[in-house]
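Asks: coords please:
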Amino acid sequence: MQDDEVFEFAPRYEIGDARIDAEHRHLFSIARRVQAALSLPADAALAEARLAVAELLDYTRTHFAGEEVMMAATGYPDLVGHQALHRELLYQVRDMEMRIDLEGLSASLDLAHFLFNWLTQHILHADRRFGEFLADSR
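Replies: Prediction:
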């Protein structure tokens, strides 16, 4: 992610399931809030980044749980591996949340970069495989 790159959901991130794609769009919008916070004055930026990270953690837990229920219901063969990826992200975002409290804006910038890279790569690879599995199952 370049500093001037906008965190936008694009058609290449669609996996073919309307609900999951809508949830991914929402995750992108939360991540955009972290990115936008970086252009605010320091105190406001930190406060907005903290709010966005809290929302991200809450929404991500809900999204992951729903995605995993869908995977289990459809017999997705890589459910366990996918769950491990989800747990790792939650761990890393919680770690970033603590870093924001300790380090401030530099951690917020790291979080924005991390989110962009993780979310896009996770969707393009792991979630795309699940989308292909769903399409083949129908």
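Asks: what sits against His63?
Replies: Residues counted as contacts of His63 (C-beta atoms under 8 Å, 6 or more residues apart in numbering) are 23, 26-27. (Each C-beta comes from the backbone N, C-alpha and C, glycine too.)
Asks: and it, what helix or strand is that in?
Replies: Assigned by DSSP states H and E, His63 belongs to helix 42-74.
Asks: same deal with Ala112?
Replies: helix 105-122.
Asks: pLDDT on the helix or strand following that helix, on average?
Replies: The first helix or strand that comes after helix 105-122 along the chain, using DSSP H and E, is helix 128-137. Average pLDDT, helix 128-137: 94.
Asks: What lies in contact with helix 128-137?
Replies: By C-beta under 8 Å, 6+ apart, the surrounding residues in contact with helix 128-137 are 14-17, 20, 67, 71, 74-78, 82.
Asks: Would you mind putting those residues into TSV with pLDDT, distance to Ile123 and neighbour count alongside?
Replies: Formatted as TSV, the contacts of helix 128-137 follow (pLDDT from 0 to 100; distance: C-beta to C-beta, whole Å; neighbours: other C-beta atoms under 10 Å):
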residue	pLDDT	distance to Ile123	neighbour count
Glu14	96	9	17
Ile15	96	7	20
Gly16	95	12	14
Asp17	95	12	17
Ile20	96	9	20
Glu67	97	11	22
Met71	97	15	19
Thr74	96	18	14
Gly75	97	21	9
Tyr76	97	16	19
Pro77	97	19	11
Asp78	97	15	14
His82	96	12	20
